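S.K.: only the shape, not the letters, is given here:
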């Protein structure tokens, strides 16, 4: 087990799990290369037709875990039916805007979101992410066709028999194995892993807390090796996959660093996994067809998302 | 055939196709009620695993068909690796914002987007769409769980043997029948209909044009009756479904008015259907599992989207 | 002395200080009508040439008193010298955006910002402030030509011999008289009154606090009568003029209500008066030419500002 | 006379007018150093009390000269009097946002807005303008205390006896001399020069045009030498000071390059000088106290402004 504070072990693991060059020197898709039509077809074949969102509502209300709220403003509301000047064209319009990274918005982290020693996935330099947008590893690799694969929900609180994991708690690779076994699922290359820590349940009970101060549950660093061994294509969590607060040892977020930078595995942060957990429990089925439809933003570092589980 | 200028016919059709009260006096889901788990499962069963996006890139460049461009700005780019102050936390962040209605952004129109005589779907008043957001018929009805159903692509230029429909041209109900027959598809309640007019092909050839001045191809008004008869759940187009320019007779956009207001059928505007058309042609298969993952915006009138066809 | 909780007294005072109709039934300029070229010329005549800003930096960092931070993002930074495509056109561009009302941004409150019983200044209905902008009493009345008049700084902590006023403390009309006497100033119609409570000094010492929870110093309600008697044209403060937290008795912010609604006196909130106080003390002169250059926003409810004192 | 296309002459002039090091190696204020309290007091002494804005309304409507419109959206309008939840707190709020550089917004160009050969004023590198904001030469040098000095209006169309200058036309240094002589003004160090080309008059007559395609009138390159010889502190124009379209010879905007980069003279673009011209003509007085209150944006490249002439 790698302690979060163990710099040497983190460094070694980072090198060990690296996928740089695995799909060619110009590759920007990373672990998405692991998803095949056969895998998608297989996941679709088992679908029963239950559709559940894994995204949170866009958080427009300031809160201690939402210091830079999303924006939603009407351009024209229902009080101005003659605003268009076209007879009979009665319409309401609005605007949405969001700096989506952070700890409140359900979002996808593209491979250009995080660097290690000035480099991003496949060895491209951080300076390729310019003020006008990322030239490499942008969200377009995830958004150009969307990401669809088998999703697997690992409900850790359920496995432990608790309602939620406490802040700063970590999930071990052994627990990932245990959850898979409990669900009767054999992980396969190209799968998308969703790890619930019960964050939403805890937030409903106690209200919001500051994840950077109080902490948030996440994956132990060593889970990166597990992710690599199983050739997972994408990881999602109701937190930010890494436990918080950040380390101050130069490896602040080892899961992000190993997944995004070393392996080329995009991340999904701040999902709401409570509803899909309920639906999965009702069906006694923890796998589904999972779709992630990031917005197509040229040069973007990610996207707000509303992933859908089709159980 | 209803002429676009025939006010009496439009009024009569509006009343005829109305679904108000059909799913109860408080219903806000409209034709989405037609989608059942059985229909989703049936659509999934045929999936071959080919994943194609039907969304356009977020249009951040001003153009004659994009007068209020979307915003994409970096909050931190790769030139500021020490910006976070946390050792080793090297990150790039960005912001996206968009007033998505219009003629450039791939977006979903929620049922609160358009009114007729001060009313929206199911008879709720326009004044329920307030400056702080819609109290009724908001995008949450589409976004709370995403929308998933069978999608059907009707490629009208292919049917006609042309590369695109000219601006102001209209597609008749008979052509919709013809396209379905040609594709060997029997439309069923809850299906999502995607109608290609070849807009992107034409734009690639000639560059952008002003749809309000030059016009844009769309569905003849009478198609609304066809949509009602077939109990379509949602309509998408590479234009805005209605032909442009707007009528000035009090029925500026009869398809919008009949779909959104009378029937409760959400619309998808400004899709890029060129790639899915290519993929469908390659597979000789014009139906697929179709997913629309609108952002969950409380009170929103719609959402930018990146719909995914899983063929 | 009117207690903040005395509803009857507040109601009576509101009626007593009303300027509705004073400058005609269609007037939207309110107390700005009191400013004359003669007053401006007189204020300019005494200028010694010392220029001091009374605005705060745009607050882009989230804080407990800044829950919806202003936005500042580069569109092009210095890392993309060839971004324009024009040879030699090396440029950096940025974007600023702000929902300026609140307790962090230096801003002007236009007369359409606050209503009482559904009415705003001069009796116009709140419904004239539409989702597309205010049809009446917008910031244009302040911004079309800017506001320039004599400014008077009343430094209450200095008068009391303290560094700052504690949260929830109030300044009485008698103190306003005392501060004027102490400064050797005879207030005249059309003057702009700036009242310092030492907020910035306190914030520098203790860091930010939540004004709605902890409170903030301001003017006692009865100061509204004083403002009316002296025919002040505009009031500014380092807080929001009203003491906080809001009353919950239907008169949440009596100074705002009496100034904006009854008298037509625009307000300046969240100024930084510490530097002008230092400069005034150095010059032993508490009056100056004061300029407020609100952005010209058609239909706006106010504007971020950077007022300038020319001592 | 330097032709716009004469690269050697432009290069030589750039070197000749340079103020780098003139106010020390760390100076970021440039020509603002030329403004003294004495000059401000002298300008104030002549004030008659007529206040005129030189800013345009914030341009929120898309137009051919406004491809990225400013944003103005209500957060709460007058249709939601109970939105705050505080009894009696009836309020309307809004948001303004703008990428202000361009050809529609009245704005200030800070010294970090333009580079030449990768350097900005006083030799600081362009890379000091980072994606998180400018570390050097930001708008704070203009905004920290506002800019106040004597303003001089040179109304070139009036001098020529025309209503406006045609697009691409240039104003020569000799005309600047002539306009000063005509106005009976002796230019002095620290003055702010406002040059009207009649753009707003032309726009009122013909509607908007695309300045990059059709062109816009401005100062001949050699005016830069005139500006340096007269030690002007700031230049403003109803265009962008440089004539358009841009040169494609590596000196796209010589006035911008010489003023911002070589001399450290901030620029004011897209002013509305029509009203101040009318007022000056009525007073037969072409000088006034001029105030520029840029927003205090840390790291900003400029600011939207509403400058005020106090005649």
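M.R.: Received the coordinates, thanks. All of these numbers come straight from a predicted model, not from anything done at the bench.
S.K.: close to chain D: what parts of the stretch 101-250 of chain A are there?
M.R.: Residues of the stretch 101-250 of chain A lying close to chain D by Cβ under 8 Å from any Cβ of the partner chain are A:130, A:131. All C-beta atoms are positioned from the backbone trio N, CA, C, and that covers glycine.
S.K.: where does the prediction get shaky in the stretch 51-200 of chain A?
M.R.: For the stretch 51-200 of chain A, no stretch has pLDDT under 70.
S.K.: so which bits of it are right by chain C?
M.R.: So the stretch 51-200 of chain A meets chain C at A:62, A:67-69, A:74-80, A:83, A:127, A:130-132 (Cβ under 8 Å from any Cβ).
S.K.: among these, who's most crowded?
M.R.: For these, counting by other Cβ atoms under 10 Å in any protein chain shown, the largest number of neighbours falls to residue A:77: 32 neighbours.
S.K.: how far away is that one from chain D?
M.R.: Going from residue A:77 to chain D by Cβ to the nearest Cβ, to the nearest Å gives 7 Å.
S.K.: who touches that residue in this structure?
M.R.: Residue A:77 makes contact with A:92, B:129, B:130, B:131, C:130, C:131, D:74, D:77, D:79, according to Cβ atoms under 8 Å, 6 or more residues apart in numbering or on different chains.
S.K.: helices along the stretch 51-200 of chain A, start to end?
M.R.: Along the stretch 51-200 of chain A, counting by DSSP state H, counting those that start in this stretch, helices occupy A:140-143, A:156-160, A:173-183, A:199-206.
S.K.: please identify the deepest-packed of those helices.
M.R.: With neighbours taken as mean count of other Cβ atoms under 10 Å in any protein chain shown, the helices of the stretch 51-200 of chain A reach their highest mean count in helix A:140-143, at a mean of 25.
S.K.: quick one: contacts for residue A:304?
M.R.: A:58, A:70, A:98, A:100, A:105, A:106, A:107, A:295, B:96, B:295.
S.K.: report the contact partners of residue A:85.
M.R.: Residues in contact with residue A:85 (Cβ under 8 Å, 6+ apart): none are found.
S.K.: actually, residue A:184.
M.R.: Residue A:184 touches residue A:286, counting by Cβ under 8 Å, 6+ apart.
S.K.: per-residue confidence at residue A:248?
M.R.: pLDDT recorded at residue A:248 is 89.
S.K.: point out where the stretch 201-311 of chain A drops to low pLDDT.
M.R.: Ranges of the stretch 201-311 of chain A meeting pLDDT under 70: none found.
S.K.: where exactly do the helices run in it?
M.R.: A:223-229, A:254-256, A:274-283.
S.K.: quick one: which of those helices is nearest chain C?
M.R.: Chain C lies closest to helix A:254-256 among those, at 21.7 Å (Cβ to the nearest Cβ).
S.K.: sort out for me which of the contacts of residue A:77 are in strands.
M.R.: The strands, defined by DSSP state E, take in B:129, B:130, C:130, D:74 from those.
S.K.: so which of the contacts of residue A:304 comes closest to residue D:233?
M.R.: Minimum distance to residue D:233 across the contacts of residue A:304 is 39.5 Å, recorded for residue B:96 (Cβ to Cβ).
S.K.: contacting residues around that closest one?
M.R.: Residue B:96 touches A:97, A:98, A:100, A:295, A:297, A:300, A:303, A:304, B:58, B:70, B:71, B:72, counting by Cβ under 8 Å, 6+ apart.
S.K.: gap between it and chain D?
M.R.: Going from residue B:96 to chain D by Cβ to the nearest Cβ gives 14 Å.
S.K.: so which residue is dead centre in chain A?
M.R.: Taking Cα atoms, centre = their mean, the centroid of chain A lies closest to residue A:268, which sits 0.7 Å from it.
S.K.: hmm, it is touching residue A:108, no?
M.R.: Yes - here residue A:268 reaches residue A:108: they are 5.7 Å apart, a contact under Cβ atoms under 8 Å.
S.K.: ok, now which ones touch the closest residue to residue A:178 other than its chain neighbours?
M.R.: Nearest residue to residue A:178 in three dimensions, chain neighbours excluded: residue A:159, at 6.1 Å (Cβ to Cβ, 6 or more residues apart in numbering or on different chains). Residue A:159 makes contacts with A:175, A:178, A:179, A:182, as judged by Cβ under 8 Å, 6+ apart.
S.K.: any figure for the gap between residue A:212 and residue C:68?
M.R.: 19 Å (Cβ to Cβ, to the nearest Å).
S.K.: please apply the same query to residue A:90.
M.R.: Distance check for residue A:90 against residue C:68: by Cβ to Cβ, it reads 31 Å.
S.K.: also residue A:53?
M.R.: 26 Å.
S.K.: how about residue A:7?
M.R.: 38 Å.
S.K.: ditto for residue A:135
M.R.: 32 Å.
S.K.: okay, which residue of chain A is out on the far edge from center?
M.R.: Chain A, farthest from centre, Cα atoms, centre = their mean: residue A:87 at 45.7 Å.
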